[in-house]
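# Got a predicted structure plus its sequence, pasted below:
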Amino acid sequence: HKLTDVKLKEDRWTSPDTEIERHIIMATHINSRNQSNPEAAGRKKVIETQLNSEKRAALANLQGVNHSLYSEINPLHLPEVLYLVGRYNHQRELYIALRSSIAGVISTVIRKQCLHQQRAYHRAMIAEHRAKAEAVEAEIAAI
């Protein structure tokens, strides 16, 4: 189920904010155009609202939220996010995204390098243990 239509009604406690209403209309319009593909709808909404720093800041301000989007993204997904920023925005946006996420990107690279080293160490240990086991097998066979 996804939202495809919303009407904001003014009452004595609230009045519709035209800027928020514009964002809601944009999101529901994307949902209605992508009814058969919710993944495409989600991707389009992220591209439209989150991958442009000015739009993201304005939307965060409307929602009363003030923190970096990139700090919440799993570092393993950052390369894909950065690709999307570069593909759908100008170089300035890519620079802002890189500047905001570089610690996560570097930590992912360092983590990957560390995992490669651990894998090599464990493979060497396996080879060493196999050799010892074969030597024991040979000694058993000789007895």
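It's in.

# what residue ranges in this structure are flagged as low confidence?
Residues of the chain meeting the criterion pLDDT under 70: 1-17, 63-71, 100, 102-109, 111.

# could you pull out the strands for it?
With DSSP state E, there are no strands along the chain.

# Show me what the helix ranked longest in the chain is packed up against.
Criterion DSSP state H: the longest helix present in the chain is helix 91-142. In terms of contacts (3 or more CB pairs under 8 Å, 6 or more residues apart in numbering; DSSP states H and E), helix 91-142 is packed against helix 53-63, helix 78-88. For the C-beta atoms, the positions are set from N, CA and C on the backbone; glycine is no exception.

# TSV for the ones you listed, including distance to residue 124 and mean neighbour count?
Output for the helices and strands packed on helix 91-142, formatted as TSV (distance: least, CB to CB, whole Å; neighbours: other CB atoms under 10 Å):
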stretch	distance to residue 124	mean neighbour count
helix 53-63	46	14
helix 78-88	29	16
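
# So for residue 116, which of those helices sits nearest?
Of all those, it is helix 78-88 that lies closest to residue 116, at 16.9 Å by CB to CB.
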